[in-house]
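Undergrad: Next comes the sequence, and after it the predicted model I'd like to discuss.
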Amino acid sequence: AQSEAVTGHRVVSLWMHGGLLMLAGARMAKSACNFFRITELEEQGFDPLAFRYLALQAKYRTSLNFSTEGVAGADRALRQLRDRVAEWSSQPDEDEAPVWEQWDSRFRAAIADDLDLPAAMALVAELVHSSAAPRTKADLLESWDRVLGLDLHRTAAEQALPPGAAELLAEREEARAARDFAKSDRLRERLAAMGVNVADTTGGQRIKK
């Protein structure tokens with residue numbers, strides 16, 4: 001409601017409230033002081049979206065059992081998936097429209113089936129180990145990430161940028177969108193001087209390791 005007052009338009013049409021979050025068999029609650037803040041997970045070295053990755057493994061109608069071991073496993077899986085997307089995004093594009101449509105229709109079917117996110121995540125794992133072309137895998141995963149919200153385009157290299165690099169990357173993205181390639185090249189050189197090497201892909205600019 002607050003967002004709609006600010007933007008002046010409807011933000012979402014349907015809210016899905018997840019089940020209880022459990023810790024050691026008990027419901028997490030402030031009154032019981034048995035809860036974790038996202039900042040606490042970050043202090044332990046976990047990506048904050050690792051919790052989201054973990055939550056996607058359970059249907060919204062069911063409870064989710066939380067444990068630091070579970071978050072650690074989700075954190076590893078998320079980082080590995082991002083690394084693969086970064087690697088596959090740099091591969092040549094291939095004409096696999098029928099393959100794309102087959103996979104994408106299965107993903108959409110899972111989401112349409114009462115928001116079956118565990119089935120969608122199982123499909124992600126299946127795609128990763130499939131024989132589809134690397135670039136097709138990357139493009140599908142980035143498309144599905146609009147639903148999953150895992151920032152799959154982000155790699156470890158992008159998480160440790162020198163001061164000022166993030167601003168230059170954002171400025172360069174705007175220059176590319178405006179087709180100001182001369183400015184884009186100048187910004188690429190400035191980033192390279194800072195030790196940040198950028199590659200352009202159809203999915204946007206990527207930081208090379």
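TA: Ah, there it is. Numbers count the residues shown, from 1 in each chain.
Undergrad: Going by neighbour count, list what's buried in stretch 67-86.
TA: 70-72, 74-75, 77-79, 81-82, 84-86 (16 or more other C-beta atoms under 10 Å). C-beta coordinates here come from the backbone N, C-alpha and C atoms, glycine included.
Undergrad: er, stretch 55-71 I mean
TA: For stretch 55-71, using 16+ other C-beta under 10 Å, the buried residues are 55-59, 64, 66, 70-71.
Undergrad: Same question for stretch 99-114.
TA: Counting neighbours by 16+ other C-beta under 10 Å, one finds that the buried residues in stretch 99-114 are 99-100, 103, 107, 110.
Undergrad: biggest separation within these, which pair?
TA: V99 and A110 (17.4 Å; C-beta to C-beta).
Undergrad: Which one of the buried residues of stretch 55-71 is nearest to I38?
TA: In terms of C-beta to C-beta, no member of those lies closer to I38 than V71, at 10.5 Å.
Undergrad: Out of the buried residues of stretch 55-71, which sit inside strands?
TA: Using DSSP state E to define strands, the subset of the buried residues of stretch 55-71 located there is 64, 66.
Undergrad: Can you tell me which of the buried residues of stretch 55-71 is nearest A132?
TA: Compare each of the buried residues of stretch 55-71 with A132 using C-beta to C-beta and the shortest gap goes to L56, at 21.3 Å.
Undergrad: Against V124, how distant is the closest one?
TA: Taking C-beta to C-beta, to the nearest Å as the measure, L56 and V124 are separated by 9 Å.
Undergrad: longest helix of the protein?
TA: For the chain, the longest helix by residue count, based on DSSP state H, is helix 68-89.
Undergrad: Distance from that helix to the middle of the chain?
TA: For helix 68-89, the distance between its averaged C-alpha position and the chain's averaged C-alpha position is 10 Å (C-alpha atoms, centre = their mean, to the nearest Å).
Undergrad: Dump that helix to PDB, restricted to CA.
TA: Included here for helix 68-89 are C-alpha records, laid out as PDB according to Å, rounded to 0.1, in the frame of the first residue of the first chain:
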ATOM      1  CA  THR A  68      22.700 -22.100   9.400                       C
ATOM      2  CA  GLU A  69      23.800 -25.400   7.700                       C
ATOM      3  CA  GLY A  70      20.900 -25.000   5.300                       C
ATOM      4  CA  VAL A  71      21.800 -21.400   4.500                       C
ATOM      5  CA  ALA A  72      25.400 -22.400   4.000                       C
ATOM      6  CA  GLY A  73      24.400 -25.000   1.400                       C
ATOM      7  CA  ALA A  74      22.100 -22.500  -0.300                       C
ATOM      8  CA  ASP A  75      25.000 -19.900  -0.300                       C
ATOM      9  CA  ARG A  76      27.300 -22.400  -2.000                       C
ATOM     10  CA  ALA A  77      24.700 -23.400  -4.600                       C
ATOM     11  CA  LEU A  78      23.800 -19.700  -5.300                       C
ATOM     12  CA  ARG A  79      27.400 -18.700  -5.900                       C
ATOM     13  CA  GLN A  80      28.100 -21.700  -8.100                       C
ATOM     14  CA  LEU A  81      25.000 -21.000 -10.200                       C
ATOM     15  CA  ARG A  82      26.100 -17.300 -10.600                       C
ATOM     16  CA  ASP A  83      29.500 -18.500 -11.700                       C
ATOM     17  CA  ARG A  84      28.000 -20.800 -14.300                       C
ATOM     18  CA  VAL A  85      25.700 -18.100 -15.700                       C
ATOM     19  CA  ALA A  86      28.700 -15.700 -16.000                       C
ATOM     20  CA  GLU A  87      30.700 -18.400 -17.800                       C
ATOM     21  CA  TRP A  88      27.800 -19.400 -20.100                       C
ATOM     22  CA  SER A  89      26.900 -15.800 -21.000                       C
END
